[in-house]
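# Need a 3D model of the following:
(chains A, B, C and D)
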There are 2 protein chains.
Amino acid sequence: MAESRFLGSPVRLSTRLGEDLRGRIRSGEFPAGSKLPTEAVLVKDYGVSRSTVRQALKGLEAQGIVVTRHGRGSFVAADRGIHAGIQQLRSISETIAEQGFRPGMHYHSVEIDQADPTESDALSLATDDQVVRIRRSILADDVVVAYSYDALPRKLLGPEHDGTGIQGSLFAFLQREAGVVAVRATAQVHAICSETVGWETDETPQLYVVLDQVHFDLRDRPVLYSKTYFIEGRFKFVVIRN
Amino acid sequence: MAESRFLGSPVRLSTRLGEDLRGRIRSGEFPAGSKLPTEAVLVKDYGVSRSTVRQALKGLEAQGIVVTRHGRGSFVAADRGIHAGIQQLRSISETIAEQGFRPGMHYHSVEIDQADPTESDALSLATDDQVVRIRRSILADDVVVAYSYDALPRKLLGPEHDGTGIQGSLFAFLQREAGVVAVRATAQVHAICSETVGWETDETPQLYVVLDQVHFDLRDRPVLYSKTYFIEGRFKFVVIRN
DNA sequence: CAGTGGTCTAGACCACGAA
DNA sequence: TCGTGGTCTAGACCACTGT
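This is a model prediction of the structure:
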């Protein structure tokens, strides 16, 4: 039974099923516009319940990867450009990589400072607490698609750790250095036009879609405050509204 | 049994349960920060299954109305300003009204014209098809919070209907005049800065969060293409990311 | 009509939180 | 330890699609 492959993992069954299907779609087994196996077939093939299959498909639909139609079936969506489902919390780099682009990330600066009022509020800090403030640019095929301003409580790191040496995914860094897993975030969507957001551009004002997020760990402690500025037009947020 | 109140309706059980809870919260029965009944209690009180209760709570959480915590319970969120869950397709006016503001809507213009390429593509129209183009402003307590540009296929309306006399919710209008129910939409989020979007402001450029949407009916026919320009800061989109 | 997804139920077991 | 939400299962019945 295929199910045996999936046992014993801490990750949700529906997530792993969704990832497997996404892999099969990317591999070309199901080209854009083609019909996926029916829910009943997926239930049989993967040895899971129909609820699990449906949750996996729902996740793929929220990512803009498949489209499900009552009475007809589920179909592979035609994708265009770098896009992400806005309500799924996933690594931006992973999202970029899964869509066939080459992800990149440049750490621009890492500094330790007193938390400003916005950060204290978002992270529930005392007034004299410090934060590690990180500025990064995120690239796809060497083109900047977003700038990210992140702040994490200094006290999450060991007292000897000054934040230098951060690289790669911040989620991975948090887990490795602080034993903290960010699993949930509340976000607000904003628009901004400014010439002072990026550091790699010239002085012309630039339009951004801003995701203003507070990330929480498993115990609902706020562990990361981040403002991510997605350059208008280079990164598309897909929303399925029902 | 309370369940009898809910039988025989075409609306999902979880939706009605969610609306009932939202009403109890708004009425003051559960003030901000207070704990809601446990899932087990809701199952008993409403006579529905736990899945249904959980789906209702999930919907309220997506709207930013409640926050659910593993091992602790569900709590009423502190709300601030006019906000909406971005992945739920609901009437903007209703959303405004439910949060204690006075909704308003001004129809600025209604015209019939050849569909432009963007509209033809979004609505799957032939090149010589016509659209009814509508421009509205949406208000809360007499303040404009958004401008909406909508286009619907002329052929949806009877040949004698020229689109005049439209008022109130477009969803309601579509259902009444064309027998069409919009149940699903795909949307993209954009940022824009322009002085030519609104018609009630002066000439200064204004920032907007744009929701670029195609609405579909039950048979998956595209029935409405709309660009809604939410004035930055006046309307907050809440996103719960997991 | 048969096939497919949409909703709802009942129950099991696990993981987290507070006492 | 016990109460709580999180995940998963099995099965029923309904609504929509195409023949």
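# The host helix or strand of residue A:24 - contacts with which helices or strands?
Remark: residue A:24 resides in helix A:13-26, with elements defined by DSSP states H and E. Judged by 3 or more Cβ pairs under 8 Å, 6 or more residues apart in numbering or on different chains; DSSP states H and E, helix A:13-26 is in contact with helix A:39-46, helix A:50-62. The C-beta positions use only the backbone N, C-alpha and C, and glycine is treated the same way.
# make it 10 Å
Judged by 3 or more Cβ pairs under 10 Å, 6 or more residues apart in numbering or on different chains; DSSP states H and E, the packing partners of helix A:13-26 are helix A:39-46, helix A:50-62, strand A:66-69, strand A:73-76, helix A:92-98.
# any low-confidence regions in chain A?
Scanning chain A with the threshold set as pLDDT under 70 gives A:1-9, A:201.
# Let me see the domain layout of it.
Listed by automatic domain parsing, the domain ranges of chain A are A:3-79, A:83-238.
# right, so of those domains, which gets closest to residue B:184?
domain A:3-79 (9.8 Å; Cβ to Cβ).
# picking that back up, go through the domains of chain A and pick out the most buried.
Comparing the domains of chain A by mean neighbour count (mean count of other Cβ atoms under 10 Å in any protein chain shown), domain A:83-238 ranks first with a mean of 17.
# coming back round to it: could I get the domains of chain A as JSON lines with distance to residue B:177?
Formatted as JSON lines, the domains of chain A follow (distance: least, Cβ to Cβ, whole Å):
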{"stretch": "domain A:3-79", "distance to residue B:177": "25"}
{"stretch": "domain A:83-238", "distance to residue B:177": "30"}
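# List the contacts of the residue most central in space within chain A.
Note on chain A: the residue nearest the mean C-alpha position is residue A:90, at 2.3 Å, using Cα atoms, centre = their mean. Contact analysis of residue A:90 by Cβ atoms under 10 Å, 6 or more residues apart in numbering or on different chains lists A:63, A:84, A:98, A:171, B:241, B:242.
# The first one is in contact with residue A:94, isn't it?
No - proximity of residue A:63 to residue A:94 does not meet the contact threshold set by Cβ atoms under 10 Å, at 11.5 Å.
# Now for those two: what residues contact both?
residue A:84.
# So which of the contacts of residue A:90 reach DNA strand D?
The subset of the contacts of residue A:90 within reach of DNA strand D, by Cβ under 7 Å from any atom of the strand, is empty.
# between those residues, which is nearest residue B:11?
Using Cβ to Cβ, the contacts of residue A:90 come closest to residue B:11 at residue B:242, 25.6 Å.
# if I've got this straight, residue A:137 is in a strand?
Yes - Residue A:137: assigned to a strand according to DSSP: H, G, I helix; E, B strand; the rest coil.
# Verify the stated contact: it with residue A:103.
No - with contact defined as Cβ under 10 Å, residue A:137 does not count as touching residue A:103 (11.7 Å).
# How far off centre is stretch A:104-123?
How far stretch A:104-123 lies from its chain's middle: 19 Å, per Cα atoms, centre = their mean, to the nearest Å.
# Endpoint to endpoint, it covers what distance?
Length of stretch A:104-123, first residue to last, Cα to Cα, to the nearest Å: 28 Å.
# out of everything not next to it in sequence, what's closest to residue A:123?
Spatial nearest neighbour of residue A:123, chain neighbours left out: residue A:222 (4.7 Å); criterion: Cβ to Cβ, 6 or more residues apart in numbering or on different chains.
# Give me the distance between the one you found and residue A:216.
6 Å (Cβ to Cβ, to the nearest Å).
# shared neighbours, the two?
A:182, A:185, A:186.
# any idea which of the residues you listed is closest to residue B:175?
Checking the shared contacts of residue A:222 and residue A:216 against residue B:175 by Cβ to Cβ gives residue A:186 as the nearest, at 33.6 Å.
# Which helix or strand contains whichever residue of chain A sits closest to DNA strand D?
Nearest residue of chain A to DNA strand D (Cβ to the nearest atom of the strand) works out as residue A:71 at 2.6 Å. In this assignment (DSSP H and E), residue A:71 forms part of neither any helix nor any strand.
# show me what contacts it?
Residue A:71 sits in contact with residue B:219, where contact means Cβ under 10 Å, 6+ apart.
# So what does it look like in phi/psi?
Here is the backbone geometry of residue A:71 (degrees, to the nearest 10): phi 80, psi -10.
# got a list of what the closest residue to residue A:92 other than its chain neighbours touches?
Nearest residue to residue A:92, sequence neighbours excluded (Cβ to Cβ, 6+ apart): residue A:138, at 5.5 Å. By Cβ under 10 Å, 6+ apart, the contact set of residue A:138 is A:92-93, A:96, A:103-106, A:144-148, A:228-231, A:235.
# Okay, and residue A:113 sits in which element?
Going by DSSP H and E, residue A:113 is in strand A:103-114.
# What is the subsequent helix or strand relative to that strand?
Sequence order places helix A:117-123 as the next helix or strand after strand A:103-114, per DSSP H and E.
# So which elements touch that next one?
strand A:130-140, strand A:143-153, strand A:206-217, strand A:222-231.
# Now those in CSV, please, with extra columns for distance to DNA strand C.
Output for the helices and strands packed on helix A:117-123, formatted as CSV (distance: least, Cβ to the nearest atom of the strand, whole Å):
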stretch, distance to DNA strand C
strand A:130-140, 23
strand A:143-153, 17
strand A:206-217, 9
strand A:222-231, 13
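# Which among these is found nearest to residue B:125?
Residue B:125 lies closest to strand A:206-217 among the helices and strands packed on helix A:117-123, at 28.6 Å (Cβ to Cβ).
# Is that closest one positioned near chain B?
Yes - using Cβ under 10 Å from any Cβ of the partner chain, we find that strand A:206-217 touches chain B at A:206, A:207, A:208, A:209, A:210, A:211, A:212, A:213, A:215, A:216.
# related to what we said a few turns ago, who touches both of residue A:137 and residue A:103?
Counting by Cβ under 10 Å, 6+ apart, the common neighbours of residue A:137 and residue A:103 are residue A:145.
# where's residue A:166 relative to residue A:130, distance?
For residue A:166, the distance to residue A:130 equals 15 Å [Cβ to Cβ].
# Could you tell me which residues of chain A lie near DNA strand D?
Residues of chain A lying near DNA strand D (Cβ under 7 Å from any atom of the strand): A:3, A:12-14, A:47-52, A:55, A:69-72.
# same thing but at 6 Å, please
A:12, A:13, A:14, A:48, A:49, A:50, A:51, A:52, A:70, A:71, A:72 (Cβ under 6 Å from any atom of the strand).
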